[in-house]
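Trainee: Would you be able to build a 3D model of this:
(one chain, ligands or ions: 1)
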Amino acid sequence: MSDNRRNFLKKSALLGLSGLATGLLGNEKIAALEHVSETFASEPGKLSLPALPYAYDALEPFIDKQTMEIHHTKHHQAYIDKLNSAAPGSFDFNDDDSTKCRKIDTSTPPLIRNNMGGYFNHSLFWPLMKPNPDKKELKALGKLGDAINSNFKTFDDFKKEFSDKALKIFGSGWCWLIVDEKNALKITTTPNQDNPLMKIAGDQGKPVLCLDVWEHAYYLKYQNKRADYISNWWNVVNWEKAEELYKHK
Ligand code: MN3
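Mentor: Residues are numbered from 1 along each chain as shown. This is a model prediction of the structure:
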């Protein structure tokens, strides 16, 4: 079928439906229904896609525009849609996001565990990156910088350990810098969309920095070269945001 023909049929169907609805309900009620559907979209407690704090092409050339756009509007959105469609009662939408993660244990249904992780991890990942055109802020300074130096000897030692662990994740997962219960910094990894707040995590703690090493995060630009993606990602880390997360640990 040609595009013109398809569009014509689509328009006809829409006109037919709205005409039928107008006939049955009148224009005022149609407007009221539209209002209801808007209300549903922003229903309190339901999750919505956080805006990206920069343009899709802002992290070029290290992370490409197409990857950012698909990653944000398709992958991140899909986790949110699946979570919002979870059966009523299976999930408390009124908890804050960290608490939602902290409640996840071995008895949590996979739909909740995977999609809550997907929603939370990406919501954290976006603001932990930013364009750094002047290359002035490519390492942690302040309190986090001091803590990294005392926990890992030097910033380069930290970077090497983080990169190595991210590279070695088998399949899909995330690499994290966390503050553990003893107030120490630790680098850890989680499979799939798990995160260190969850009860099921091997190393539990509060995230300070995270890196998505699912292939969808880099494959369009880097194909199988995960190591190149990781080494380029250091150019777009938002250390101010990491410092903020560390101070509010
Ligand atoms: Mn991802």
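Trainee: Domain-wise, how is this protein divided?
Mentor: 1-45, 65-249 (automatic domain parsing).
Trainee: Check the ones you listed for me and report the most buried one.
Mentor: Mean neighbour count, computed with mean count of other Cβ atoms under 10 Å, is highest for domain 65-249 among these, reaching a mean of 17. C-beta coordinates here come from the backbone N, C-alpha and C atoms, glycine included.
Trainee: Tell me the residues of this structure that contact the ion?
Mentor: 212, 214, 217 (Cβ under 5 Å from the ion).
Trainee: Report the central residue of the chain.
Mentor: Among the residues of the chain, the one closest to the centroid is residue 122, at 0.9 Å (Cα atoms, centre = their mean).
Trainee: residue ranges of the helices in this structure, please?
Mentor: In the chain, the helices defined using DSSP state H lie at 3-25, 27-41, 65-70, 77-84, 97-102, 110-125, 142-152, 155-168, 219-222, 226-233, 239-247.
Trainee: Not counting its neighbours along the chain, what's nearest residue 217?
Mentor: residue 71 (6.2 Å; Cβ to Cβ, 6 or more residues apart in numbering).
Trainee: let me fix that: residue 177
Mentor: Nearest one to residue 177, counting by Cβ to Cβ, 6+ apart, is residue 209 at 4.0 Å.
Trainee: Quickly note the distance from that neighbour to residue 70.
Mentor: Look at residue 209 and residue 70: by Cβ to Cβ, to the nearest Å, they are 23 Å apart.
Trainee: before we move on, what about residue 210?
Mentor: Residue 210 is 19 Å from residue 70, where distance means Cβ to Cβ.
Trainee: what does residue 186 give?
Mentor: For residue 186, the distance to residue 70 (Cβ to Cβ) stands at 32 Å.
Trainee: quick one on the thing from earlier: and the domains of the chain as CSV, adding mean pLDDT?
Mentor: Shown next, in CSV, are the domains of the chain (pLDDT from 0 to 100):
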stretch, mean pLDDT
domain 1-45, 41
domain 65-249, 94
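Trainee: Of those, which is nearest residue 52?
Mentor: Closest to residue 52 of the domains of the chain, according to Cβ to Cβ: domain 65-249, at 5.4 Å.
Trainee: Quick check, the residue nearest to residue 217 in contact with residue 219.
Mentor: No: between residue 71 and residue 219 there is no contact under Cβ atoms under 8 Å: 10.6 Å.
Trainee: what about stretch 212-220, start to end distance?
Mentor: From its first residue to its last, stretch 212-220 covers 14 Å (Cα to Cα, to the nearest Å).
Trainee: Kindly report the same for stretch 122-134.
Mentor: 26 Å.
Trainee: and it, how far from the chain's centre?
Mentor: Centroid separation for stretch 122-134 versus its chain: 11 Å, with Cα atoms, centre = their mean, to the nearest Å.
Trainee: Show me what that stretch is in contact with.
Mentor: If you take Cβ atoms under 8 Å, 6 or more residues apart in numbering as the criterion, stretch 122-134 is touched by 50, 52-54, 58-59, 63, 71-72, 75-76, 79, 97, 138, 207, 209-212, 233, 235-238, 240-242, 245.
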